[in-house]
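Student: build the 3D model from these lines:
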Amino acid sequence: MIKEIPFEEASKQLLEKLQHGGAFLTVKNDEIVNTLTIGWAQIGYMWRHPVLTVMVRASRFSKEIIDGGDFFTVSVPGDARPMAKQLTFFGTKSGRDCDKYAEGGLRLGAPETGDTPVAADCELFFECKKAYTSPLDTGNLGVDINAENYQRGVNKGDLHTFYFGIINKVYRQE
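Tutor: Predicted structure coming up:
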């Protein structure tokens, strides 16, 4: 059963889950759908609307897809432990290289609004319409944050783009 819940209640749960396991970002453009694990997001009010901002690195397959679509969804596991395998798989494998849904064991479900599916086995869902996109400018980024996140290791030079989505609906699966 689907139960719509207040944005403020859901935002607290999202922020907690991002710190302890992550959530699933699903994007769609035409018939191409991809899901990846996210651990970073921002949630609040902008433009007199509840807004969820997600960040996607330039190298990700999902970046190509979200750039061409109008909607995205964020699906939050009720307890990350049962879905730990899927969170890891969808955070480390690329939809360019494999059928993530067949190999990763994640089922998609129909959204309540928009055209982008949700991760069916999760508990909490945010359905968003893209409102604004902004690439990260490291010239405006603190030196420590830049060095720590964009200047070393496998992520060197792999910058995020920020996608601000007006939240169309927040609901819980009970």
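
Student: can we go C-alpha only for contacts and neighbour counts from here?
Tutor: OK.

Student: quick check: Arg60 touching Ser94?
Tutor: Yes. Using CA atoms under 8 Å, Arg60 and Ser94 qualify as a contacting pair, with a distance of 7.4 Å.

Student: in what helix or strand does Ala147 lie?
Tutor: Using DSSP states H and E, Ala147 falls within helix 143-150.

Student: which parts of the longest helix that the chain contains are buried?
Tutor: Secondary structure of the chain per DSSP state H: the longest helix is helix 7-19. Burial within helix 7-19, assessed by neighbour count using 16 or more other CA atoms under 10 Å, is assigned to Phe7, Ala10, Ser11, Leu14, Leu15, Lys17, Leu18.

Student: state the mean pLDDT of it.
Tutor: Across helix 7-19, the average pLDDT comes to 89.

Student: cool, and stretch 44-58?
Tutor: 96.

Student: CA atoms only: put that stretch into PDB for me.
Tutor: The C-alpha trace of stretch 44-58 is given here as PDB (Å, rounded to 0.1, in the frame of the first residue of the first chain):
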ATOM      1  CA  GLY A  44      15.200  21.600   1.300                       C
ATOM      2  CA  TYR A  45      13.100  24.400  -0.100                       C
ATOM      3  CA  MET A  46      13.900  26.500  -3.200                       C
ATOM      4  CA  TRP A  47      11.700  28.500  -5.400                       C
ATOM      5  CA  ARG A  48       8.800  28.000  -3.000                       C
ATOM      6  CA  HIS A  49       9.000  24.200  -3.500                       C
ATOM      7  CA  PRO A  50      10.500  21.200  -1.800                       C
ATOM      8  CA  VAL A  51      13.600  20.400  -3.800                       C
ATOM      9  CA  LEU A  52      15.900  17.300  -3.800                       C
ATOM     10  CA  THR A  53      19.400  17.900  -5.300                       C
ATOM     11  CA  VAL A  54      21.400  14.900  -6.500                       C
ATOM     12  CA  MET A  55      25.000  14.900  -7.800                       C
ATOM     13  CA  VAL A  56      26.200  12.700 -10.700                       C
ATOM     14  CA  ARG A  57      29.800  12.400 -11.800                       C
ATOM     15  CA  ALA A  58      30.700  13.200 -15.400                       C
END
